[in-house]
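**Student:** Okay, here's the prediction I keep looking at, along with the sequence it came from:
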Amino acid sequence: MIFTIDKQAQYTVVKVNAEMLDSTISPGLKSELVILSGEGAKNIILDLSSTRYCDSSGLSAILVANRLCKNVNGILVLIGIQEAVNKLIAISQLDSILTITPTLEDAVKRI
């Protein structure tokens, strides 16, 4: 599976099990996130620890998740960000918009 979903009482962890979050993976991620939101998930932790590359469609999927969470007064937290993905987020000036923590434990504390 490309995505692993772990639903907890206060949050849902979505792990991307792919090295590249690009136009082949992003539409599926967006769909999963919309489904989760429709099921009532408001706090989502997106684990990108396996993802070494992200393009604009990947950023778009992340922003969709962020908007879905904010629309229901929840939070999106990114964890396990690799250096290349972190640079893209910084270059896109999304580091001030997105919540990023190094570990799952840190993310749970933010929620």
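**Tutor:** Great, that's in hand.

**Student:** what does stretch 67-80 rub up against?
**Tutor:** Identification of contacts with stretch 67-80 by CB atoms under 8 Å, 6 or more residues apart in numbering yields 33-34, 37, 41-50, 62, 65-66, 98-104, 106-107, 110-111. C-beta here means a position set from N, CA and C on the backbone, and glycine is covered the same way.

**Student:** longest helix anywhere in the protein?
**Tutor:** The single longest helix within the chain, with elements called by DSSP state H, is helix 56-71.

**Student:** List the buried residues of that one.
**Tutor:** Judged by neighbour count using 16 or more other CB atoms under 10 Å, the buried positions of helix 56-71 are 57-59, 61-66, 68-69.

**Student:** model confidence over that helix, on average?
**Tutor:** For helix 56-71, mean pLDDT is 96.

**Student:** Repeat that for stretch 17-37.
**Tutor:** For stretch 17-37, the mean pLDDT works out to 95.

**Student:** show me where this protein has strands.
**Tutor:** Using DSSP state E, the strands of the chain run over residues 3-7, 12-16, 20-21, 44-47, 53-54, 76-79, 99-101.

**Student:** The closest residue to Met20 other than its chain neighbours and Lys30, how far apart?
**Tutor:** Nearest non-adjacent residue to Met20, counting by CB to CB, 6 or more residues apart in numbering: Tyr53, 4.6 Å away. Going from Tyr53 to Lys30 by CB to CB, to the nearest Å gives 18 Å.

**Student:** quick one: contacts for Ile2?
**Tutor:** Contacts for Ile2 (CB under 8 Å, 6+ apart) come out as 16-18, 25, 28-29.

**Student:** Show the pLDDT at Asp47.
**Tutor:** Asp47 carries a pLDDT value of 98.

**Student:** ignore the last one, Met1
**Tutor:** 71.

**Student:** Right, I'll leave it there.
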